[in-house]
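Novice: Give me coordinates for this.
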Amino acid sequence: MSEENKMKKGRLKALLKSRKARHGSISIVITAVVIAIVIVINIICGLINEKFPDIAIDLTSGNSFALHDETVDYVSHLDKTVTVNILMTKNDFESRGNYFVQAKKLLEKMKSNSNGKLKIEYIDLTSTPTFASKYPDLDWSTAANNYISIVECGTEYRALTIEDCFEYDQQTYSYYGSYNFTGTKIEQAVVTAILNVTTEDKVVVDMINGNQEQNYSAMKNLLENNAYSVNEISLATGDVDDDAAVAILYAPSVDLDESAITKLSDWLDNDGKYGKSLIYVPCADKVDTPNLDDFLNEWGMKVNEGYVFETSTDRLLSGDSSFAFIVDYGDYYTDNLKNPNIPVVVTDAHDILINDDSVAHSLLKTSTKAGVQPYDYDEDWDYRDAITGEELNIGAEGIKTGADETSSRVVVFGSFTMFNTTVMQYNSFNNSAYFMNVINTVADRDDTGITIESKSMDSGELGITDLTTKNILFVVFIIILPVGILVTGMVMWLRRRNK
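Specialist: Residues are numbered from 1 along each chain as shown. This is a model prediction of the structure:
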């Protein structure tokens, strides 16, 4: 070895033994150890979070990754095993975007709170083509790309589509045929599917058609989502089903003939046993209905002609219209409302007159500052003259009771628009909850249905409103952590300087 090489080797050994090298080596080792610890902790936390998803803290403004309390209560009381089959692999599901990741986390939390009763399975249809044959009632040929999940319990199952589980920009879809997702509805969709597949002996509801009714699809969907068996029948060609507990006549544009009225009356009488309920919603337009008028009169009620207007400004939905307003609850069908502080809203409503208060009573009321605008009013009509200072009835009920205290009921709501799709989809109104409370009560069924808002992740803000939580986070991240880092750095610097 040359003298020059020996000198280089000596300098290298001296460098490695120097104070600078020792401190540098220690720093590298410490850094490597810290990085390894962080990686291990991150992996452990990920595994723990996957195993126990409820420990994750949701700080989003809309609680985007938190279950509603109603969902937690419902799934925690499941007494049957339910499987949610996701019709793709887990990786494919997550890769479809943030809302699918959100949906996966919500499903995992539902499973975690179900005490082992809820199972989540991911099914790759390409590798298990025989899976579809288990569900012959589904139209796989036309909807294979639209079904996203099948919820099943025993032999009962319900398929959920993309539209059931997610909100999306319909204009974008109509133009380009692609989904631009804007919200997650999977929590509501899965809960209502579970309710359907686990409910035995579903209550039968007959929707009466054939009288030029308004579109009752929102009402029908709401009933089916709450595990009712809904039939559509015509009194012109048949009768109300004997096993139906409830019949609904929704905004007919023509009068029922005498034969149909007789069928309704006989069904409500039920051979003197009663126990049946009819819900009638009149059409908004002026319709000549003498047969229906006579029928209602027997139940102590009459639909007043004209449209109810409200002048109490705290009731109005819009300053531009006095015909869209909120109403007060009466003394009936409010006990089981989950939130009676949320109002019911009506538009283009009729006043329900009570002719016989020994048979009928009010359900929903206006303020004392409401009146009725006649169908055919002239320029001399003054709205102030129509205000009598009395509450008007937007909902009323007539009851007939048999010897064994079993009753039949006719419930009349004066506004058909209060049950349309636009109104009932808003959780800021209680229309759907109130309607289901009435149905559940008259059908003598527990109120097991729940209504859940969709979840959006548009807001990037933290949703921390609790003062204690705010203070804790402030102290930890603004004071303790920075001060800790500063003190640690100063201690290390002083130790090195003094060596």
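Novice: and residue 195, how many neighbours?
Specialist: 18 (other CB atoms under 10 Å). (Each C-beta comes from the backbone N, C-alpha and C, glycine too.)
Novice: And for residue 203?
Specialist: Residue 203 has 21 nearby residues by other CB under 10 Å.
Novice: ok, and the closest non-adjacent residue to it?
Specialist: residue 443 (4.7 Å; CB to CB, 6 or more residues apart in numbering).
Novice: and the gap between the one you found and residue 248?
Specialist: Between residue 443 and residue 248 the computed distance is 12 Å (CB to CB, to the nearest Å).
Novice: neighbour-wise, which of those two wins?
Specialist: residue 248 (24 against 16).
Novice: three-state assignment of that one?
Specialist: strand (DSSP: H, G, I helix; E, B strand; the rest coil).
Novice: Now the closest residue to it other than its chain neighbours: phi and psi?
Specialist: Nearest in space to residue 248, with sequence neighbours left out and distances taken as CB to CB, 6+ apart, is residue 279 at 4.7 Å. Main-chain torsions, residue 279, degrees, to the nearest 10: phi -110, psi 120.
Novice: Keeping just the C-alphas, turn the host helix or strand of residue 120 into PDB.
Specialist: Under the criterion DSSP states H and E, the helix or strand holding residue 120 is strand 118-122. Output of strand 118-122 as PDB, limited to C-alpha atoms (Å, rounded to 0.1, in the frame of the first residue of the first chain):
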ATOM      1  CA  LEU A 118     -74.200  -7.400  10.100                       C
ATOM      2  CA  LYS A 119     -71.700  -8.800   7.700                       C
ATOM      3  CA  ILE A 120     -70.000  -7.000   4.800                       C
ATOM      4  CA  GLU A 121     -68.900  -9.200   1.800                       C
ATOM      5  CA  TYR A 122     -67.200  -8.000  -1.400                       C
END
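Novice: From the chain's centroid, how far away is it?
Specialist: Relative to the chain's own centre, strand 118-122 is displaced by 21 Å; criterion: CA atoms, centre = their mean, to the nearest Å.
Novice: likewise stretch 105-119?
Specialist: Here the centre of stretch 105-119 is set off from its chain's centre by 18 Å, with CA atoms, centre = their mean.
Novice: can you give me the end-to-end distance of that stretch?
Specialist: End-to-end distance of stretch 105-119 (CA to CA, to the nearest Å): 14 Å.
Novice: can you pull the buried residues of that stretch?
Specialist: 105, 106, 107, 108, 109, 110, 111, 112, 113, 114, 117, 118 (16 or more other CB atoms under 10 Å).
Novice: what's the most distant pair in these?
Specialist: The span of the buried residues of stretch 105-119, defined through CB to CB, is set by 105 and 117 at 19.1 Å.
Novice: all helices of the stretch 301-450 of the chain, in order?
Specialist: Assigned by DSSP state H, counting those that start in this stretch, the helices in the stretch 301-450 of the chain fall at 421-424, 431-442.
Novice: helices or strands next to the longest one in the packing?
Specialist: Secondary structure elements in contact with helix 431-442, counted by 3 or more CB pairs under 8 Å, 6 or more residues apart in numbering; DSSP states H and E, are helix 217-225, strand 244-250, strand 277-281, strand 344-347, strand 407-413, helix 421-424.
Novice: as a whole number, average confidence for that helix?
Specialist: The average pLDDT within helix 431-442 is 93.
Novice: so where's the stretch 201-350 of the chain uncertain?
Specialist: Within the stretch 201-350 of the chain, the ranges that satisfy pLDDT under 70 run 319-320.
Novice: mind redoing it with 90?
Specialist: Residues of the stretch 201-350 of the chain that meet the criterion pLDDT under 90 lie in 201-202, 210, 212, 214, 218, 221-222, 224-227, 284-287, 317-321, 335-340.
Novice: what ranges do the strands span in it?
Specialist: 204-209, 229-234, 244-250, 277-281, 301-303, 307-310, 316-318, 321-329, 344-347 (DSSP state E, counting those that start in this stretch).
Novice: Beta-bridge partners for residue 361, please?
Specialist: residue 397 (DSSP bridges).
Novice: That one: how many residues sit nearby?
Specialist: 17.
Novice: tell me the contacts of residue 345?
Specialist: The neighbours of residue 345, taking CB atoms under 8 Å, 6 or more residues apart in numbering as the test, are 317, 324, 325, 326, 327, 418, 423, 429, 431.
Novice: where's the residue nearest to the fifth one when sequence neighbours are not counted relative to residue 214, distance?
Specialist: With CB to CB, 6+ apart as the criterion, residue 327 has its nearest non-adjacent residue at 4.6 Å, and that residue is residue 364. Taking CB to CB as the criterion, residue 364 is separated from residue 214 by 19 Å.
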